[in-house]
Structures are given as structure tokens and as C-alpha cells.
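Peer 1: sequence and predicted model, in that order:
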Amino acid sequence: MRKLPWIFVFFFLFNTIFAQTAEQRFLEHLTEHRTAGALHFMQLISNTTTPLSFAAPVGLFIASTIDHDSTMQQKSFYSLETIAVASGAAIVLKYVVNRPRPAAQDSLIISASDMGSPSFPSGHTSIAFATATSLSLAYPKWYVIVPAYLWACTVGFSRMYLGVHYPTDVLGGAIVGAGSAFLCKAANKWLFNPKKGHKKFIWY
């Protein structure tokens, strides 16, 4: 029998251990204890996902052009590639798994955001972790890593607080995003192998 990709195996095993009913109770608790201020903040954080994710590589590219810095330019392309791969992978997985949104299965969970596509994985979380991980690999400094992952984790929590994703959706999104960053780095390192006559990625 053909083996399922590891991400599917992980999802189904984890969802069996951490039963969906427990996830629903957690989201019901968040819904019941929402406050207007926290809800506004979480919506704001969630809405920063796409703008900040694309602002990072675009900003690096503009700065690299101004400073004529080829290393920074490579890092900007790498970050953009990672975001594209994570976005594509998340979209494919959503329609393969086809998991209903929490509010569609539990009337006690009230969605405070749009619910267009299926639930697993969280697309916002995928993009946020793709951005955070690619920047952290490109610039392995605490002042990049800490704020990047703090923002990415807050984006993930905001998706649960808004009632649009289960915890396993967010976890799956984090794995897709971070995994895409490592995959793109490995792919670039292989494609630009100087032993094959290609120009090496300077920052590796």
C-alpha cells in the first residue's frame, strides 16, 4: 500500500490523541471569554500576516538594490520563495484534507473572521512561520529570531481566538511554513552547487 506523506500521518495521529472534541471545548472556551479589546487586537494581528510577510522580502530586495548587496538580494529571493512554497502547499493540503471549519461543526464556536477555504492547515500560520523561519535562517540573530517567532506564534493563536481554526490546524500550518523554509534552503543549496558549475549562494 502506498504510504501517506508524513504530514498526513502526523495530522491523523495527533488528531486521534488530541481528540477533536477537546479542540472544540478549547475553542468554545476562547469564544466564551472573548473581550472586545482582545478581539480587536487578534483581528489586527491576523490581518498583518500577508502585508508583513511580503514586506520583509520586498524590503530586503529594495535595500539590497540601494546598497548593491548581492548577499542580501539572495536572502530576499529565498524568503519570497519560501512564502510561495508554503502558500501553495497549504492550499493543496486544505482541499486534500477538506476539514470543515470549527464554527461549521459547533454552534458554540462563533467565527469572528471570514471562513472561505477548508480548515487544515491554517494558511495564515503557514505564511507567518514561513516568513519567521526564512528570516531566522537568513539572519540567525536573536533580535531577528525572537520577534519573528513571537509574531508568528501570535498569528497562530489569533486564528484560534477568532474561531476559524483548530489547534491542529495551527500546528499543521506552523510545520508547513517552517518546513518550507528548510526545504527551500536545501533546494537552493543543491541547485546552486558550485561543483555543478553553478554560482554558490553566498550566505550558506
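Peer 2: All right, it came through fine.
Peer 1: use CA for all of it now, contacts and neighbours both
Peer 2: OK.
Peer 1: now stretch 126-133: how far from the chain's centre is it?
Peer 2: Distance, stretch centre to chain centre, for stretch 126-133: 4 Å (CA atoms, centre = their mean, to the nearest Å).
Peer 1: pLDDT on that stretch, on average?
Peer 2: Mean pLDDT, stretch 126-133: 98.
Peer 1: equivalent analysis for stretch 52-71, please.
Peer 2: In the prediction, stretch 52-71 has an average pLDDT of 94.
Peer 1: in it, what counts as buried?
Peer 2: For stretch 52-71, a neighbour-count test (16 or more other CA atoms under 10 Å) marks 53-54, 56-58, 60-61, 64 as buried.
Peer 1: same check, this time on stretch 134-145
Peer 2: Going by neighbour count (16+ other CA under 10 Å), the buried part of stretch 134-145 is 134-138, 144-145.
Peer 1: nearest residue to H124 other than its sequence neighbours?
Peer 2: If the residues on either side of it in the chain are set aside, H124 comes closest to T49, at 6.2 Å by CA to CA, 6 or more residues apart in numbering.
Peer 1: that neighbour: neighbour count?
Peer 2: If you count neighbours by other CA atoms under 10 Å, T49 ends up with 23.
Peer 1: does it touch I127 like I think?
Peer 2: Yes: if you go by CA atoms under 8 Å, T49 and I127 touch, sitting 7.2 Å apart.
Peer 1: just say helix, strand or coil for the closest residue to N98 other than its chain neighbours.
Peer 2: Spatial nearest neighbour of N98, excluding adjacent residues (CA to CA, 6+ apart): P118 at 5.4 Å. Secondary structure, DSSP: H, G, I helix; E, B strand; the rest coil: P118 is coil.
Peer 1: relative to W142, how far out is P118?
Peer 2: The gap separating P118 from W142 is 35 Å, by CA to CA, to the nearest Å.
Peer 1: distance of the residue most central in space within the chain from V176?
Peer 2: In the chain, the residue lying closest to the centroid (CA atoms, centre = their mean) is S126, at 1.7 Å. Distance from S126 to V176, counting by CA to CA: 6 Å.
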